[in-house]
Every structure is written in structure tokens, then in C-alpha cells.
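Trainee: fold the following for me, if possible:
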Amino acid sequence: MRWLRRSRLRYAGLVTDLLTLEEAQERVLARVRPLSSQSVATRDAAGRVAAEDVRALVDLPPFRSSAMDGFAVRAADLPGTLPIVGRVAAGRPAARPLGPGEAMEISTGGAVPEGADAVVPVEYVVVDGNRVEFAQGVPAGANVRPRGGDVAAGDVVVPAGTRITAAQVGALAAAGVAELRCGSVPRVVVVTTGSELAAPGEPLAPGQVYDANGLMLAAALAPLGADIEVAPAVADDEAAHRAALERGL
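Mentor: As a prediction, the model looks like this:
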């Protein structure tokens with residue numbers, strides 16, 4: 001029942017107040033406090049919650065890079081046929097700047113050489129030995145990813161309060177972040193009550209049933225990243241209930 005009228009209930013010699021669902025939630029939330037934080041390696045951060053904004057340590061990309069396999073050129077030199085004066089691979093920058101009237105072959109992710117302001121995809125050119133023909137021009141900046149075009153050093157990569165996913169682990173690593181502050185893993189004790197409950201696998205005494213709710217609650221909490229303990233079922237006795245809650249707390 002979503003709503004219960006406040007009343008006095010006498011049951012088994014006990015007198016207690018009933019609360020509405022909203023009142024019960026308010027009492028719980030009034031006592032909620034953020035967990036402490038701890039340093040977590042980025043490689044272990046999936047599923048954890050960022051305790052503070054995580055900022056990039058480097059520009060991403062950290063240099064002007066090619067978005068295509070093709071040829072680095074000066075846009076002002078096209079169209080036309082240019083000599084190929086070098087080759088740029090990812091992780092292997094050009095040995096010198098690109099001069100006027102020259103082209104350099106470049107791989108996706110390669111550092112665009114100084115002097116070049118555009119990249120023409122390999123599909124749009126004709127290569128003849130050490131010369132390459134460009135049938136049409138391209139605007140300056142074509143297929144060039146600017147330094148810091150995705151993230152600039154100091155920008156927030158993951159905001160505080162974010163649950164870290166696999167994609168965010170990749171973004172953090174790309175931004176140079178080796179570790180971050182995450183909320184501590186919440187510890188949860190699941191306590192089920194009822195004299196009729198027996199643990200699955202144990203023989204059932206007369207009138208007993210197996211405890212399904214405890215395992216169901218634990219399974220529901222597991223994807224949330226909690227450290228879960230399922231306590232033995234507690235008999236219908238006030239002292240037993242209090243003792244179980246004290247042990248859990």
C-alpha cells in the first residue's frame with residue numbers, strides 16, 4: 001500500500017506508529033551522507049563513482065593529427081601534381097616541415113607536419129611513383145584534427161557523481177589520467193526476517209519455505225557495485241531483530 005493513514009497499531013503487545021511511504025523515505029534520506037573517497041587506478045575504475053571532477057592532463061589530440069589516410073598538403077597548392085617528399089605514420093612525425101609545392105603521405109592519427117594545412121584522402125588522388133595528382137582543391141583545415149579539438153588540458157573529462165563506464169575509462173586514459181578519486185564501495189548487509197525461512201539447500205522443517213527475497217535483493221544490488229553480505233534469516237523476535245540490525249550496522 002503506497003499510503004497509510006497515521007494511526008496507532010496494537011499487535012502482539014506492541015504499540016507503534018505507522019508512517020506513510022514518503023515519511024519513511026524522508027527519515028532515511030535525512031540520515032544519508034556521502035561515502036568517503038579513495039584513489040582508484042583508472043584501469044580499475046569501471047563501475048565506480050567519481051568523487052570529484054576529473055580533468056584532462058593533456059590536450060586531446062595532443063598535436064594536429066590526420067583524420068584520414070591520405071596526403072598532407074598546402075591547400076593553396078591544389079589542384080595539381082606534387083612530389084611526395086616524405087611519409088608520416090602514427091607515432092612517427094615528419095623529419096622536416098612541408099615546403100610549398102610538396103606533399104607527404106600520412107596515416108590516420110599521424111602528426112600533420114608543419115607547413116601543411118590540409119589532408120586529402122587517398123581515395124581522391126592518383127599516385128604515380130613519387131608524385132601524386134590532385135584533381136580538385138580542398139579548403140584549409142580539411143581532415144585535420146586540431147590540437148585539443150576533443151578536449152583541452154584542464155577540461156572536465158568526467159564530472160563528479162558519474163558512474164564510470166568502459167567508454168569513460170578509455171576517455172580518462174586518453175586524457176592522461178592514471179588515477180582518480182572515487183567514492184568508497186558501499187557495504188550492504190541484507191537481513192531477511194521470518195521464522196518460516198530456511199536457506200536454500202537446507203532441509204525444510206514443517207511450515208518452512210526457502211528464503212528467496214534475500215538472494216533476490218543481493219542480486220539486485222550487485223550490479224550497483226555494492227560489497228554485499230547476506231545475513232542468516234532472523235526469527236520473528238524483537239530481540240533477534242535488534243541484534244541482527246546491530247550486527248549489520
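Trainee: which stretches of the protein have low pLDDT?
Mentor: Scanning the chain for pLDDT under 70 picks out 1-17.
Trainee: would you mark the buried spots in the lengthiest strand in the chain?
Mentor: Counting residues, the longest strand found in the chain (DSSP state E) is strand 80-88. Neighbour-count burial for strand 80-88, with 16 or more other Cβ atoms under 10 Å as criterion, is recorded at T81, L82, I84, V85, G86, V88. For every residue, glycine as well, the C-beta is placed using N, CA and C.
Trainee: packing partners for that strand?
Mentor: strand 70-73, strand 103-106, strand 131-134 (3 or more Cβ pairs under 8 Å, 6 or more residues apart in numbering; DSSP states H and E).
Trainee: next one: the first one to chain centre, how far?
Mentor: Yep, that's strand 70-73 we're talking about. 35 Å (Cα atoms, centre = their mean, to the nearest Å).
Trainee: ok, stretch 110-117 next?
Mentor: Stretch 110-117 sits 33 Å away from the centroid of its parent chain (Cα atoms, centre = their mean).
Trainee: redo the buried residues of strand 80-88 as a markdown table? Include distance to T192.
Mentor: Shown next, in a markdown table, are the buried residues of strand 80-88 (distance: Cβ to Cβ, whole Å):
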| residue | distance to T192 |
| --- | --- |
| T81 | 80 |
| L82 | 77 |
| I84 | 74 |
| V85 | 75 |
| G86 | 71 |
| V88 | 65 |
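Trainee: for these, which one is nearest G183?
Mentor: Of all the buried residues of strand 80-88, G183 sits closest to V88, with 43.7 Å by Cβ to Cβ.
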